[in-house]
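> below are the sequence and a predicted model for it; my questions follow.
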Amino acid sequence: MVSSMKNNPSVSFVLPMFNERDNIERTLNTVISVAGELAVEYEIIVVDDASSDGSGDIVERMSRDDASIKLYRMEKNTMFGGAFAEGFKRATKDVILYMDSDLPVSTEDIKGSFLLIDGNDIVTGYSKVNKGDTARRKIISGVYNLIVQTLFGLDIKDINSGYKIVKRDVVRDAEFVSRSPFVDVELFLHAARKGSRIKQYGLVFHPRSGGRSHIARLPVIWATFKDMIKIRFLKK
């Protein structure tokens, strides 16, 4: 079991980012506005997964005016998994609050779900309404979640949810292998081995207001499949 949580935990906000020029400034301003309501001590970690649209420069500019914002740049694009793992490794606070950098959740859901980390080790979001995704993305997501449940026995409604709250003690000793979105499965497998308490939280994921998602690209899907095989059958 993971250690208990103190009454006023510090928080590391972790945001992996790839080509989010249209969203990242708004996202960071929103995170800053809610952070002080959740914790006295916090940091905002943005891991730029080798963006090519200047979004890293926007974060760097904002970090000069706000010391709580910390930017880490990946030398090469890792198809999400590497940036996710780097953000979790860089986090130094009691609780890691991870979200996609296009800010898919409301501040009300952030504040409501954060209360649940007291008494649980992971709080993971799932959509309680239709996300408005394309039929292709819905099919990919549904098939992927079914495969993960079958191969790994994880009863998680949305394994690649873009919103999670994790006690840092859960992942302090984690070594993530995947460099694809399969890193989410690794997180839950690691937590399960430690007997972690996982709470699933229904919320409304908002469609992005700018830019586009890169998760459903064929190279990302193929990399995710390869990582799945590696973890299921090859990792010792």
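Arrived safely.

> tell me, what residue is most central in this protein?
With distances taken as C-alpha atoms, centre = their mean, the residue of the chain nearest its centroid is residue 98 (4.0 Å).

> my guess is that residue contacts residue 14. True?
Yes. Between residue 98 and residue 14 there is a contact at 4.6 Å, judged by C-beta atoms under 8 Å. The C-beta positions use only the backbone N, C-alpha and C, and glycine is treated the same way.

> from residue 60, how far out is residue 68?
From residue 68 across to residue 60, the span is 14 Å (C-beta to C-beta, to the nearest Å).

> same thing with residue 108?
30 Å.

> ok, those two, which is more surrounded?
Legend: neighbour count by other C-beta atoms under 10 Å for residue 108 and residue 60, higher for residue 60 (15 against 11).

> surely the more buried one touches residue 66?
No. Using C-beta under 8 Å, residue 60 is not in contact with residue 66; the gap is 11.4 Å.

> now the helices for the chain?
Secondary structure of the chain (DSSP state H): helices at 24-38, 55-65, 81-90, 107-114, 135-152, 168-171, 183-193, 218-229.

> buried sites along the first one?
Within helix 24-38, the residues that count as buried by 16 or more other C-beta atoms under 10 Å are 24, 27-28, 31-32, 34-35, 38.

> do the same with the third one
Buried residues in helix 81-90, counted by 16+ other C-beta under 10 Å: 81-89.

> where in the chain is the helix or strand with the lowest mean pLDDT?
Every helix and strand of the chain was ranked by mean pLDDT, DSSP states H and E. The lowest is helix 135-152, at a mean of 82.

> quick one: distance of that helix to the chain centre.
How far helix 135-152 lies from its chain's middle: 18 Å, per C-alpha atoms, centre = their mean, to the nearest Å.

> which elements pack onto that helix?
Under the contact criterion of 3 or more C-beta pairs under 8 Å, 6 or more residues apart in numbering; DSSP states H and E, helix 135-152 touches helix 183-193, helix 218-229.

> can you put those helices in CSV and add mean neighbour count?
Shown next, in CSV, are the helices and strands packed on helix 135-152 (neighbours: other C-beta atoms under 10 Å):
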stretch, mean neighbour count
helix 183-193, 20
helix 218-229, 16
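
> out of those, which is closest to residue 119?
Residue 119 lies closest to helix 183-193 among these, at 15.1 Å (C-beta to C-beta).

> avg pLDDT for stretch 118-132?
Stretch 118-132 carries an average pLDDT of 84.

> in stretch 173-180, what's buried?
Under 16+ other C-beta under 10 Å, the buried positions of stretch 173-180 are 174, 176, 178-180.

> quick check: nearest residue in space to residue 166, chain neighbours excluded?
residue 96 (4.6 Å; C-beta to C-beta, 6 or more residues apart in numbering).
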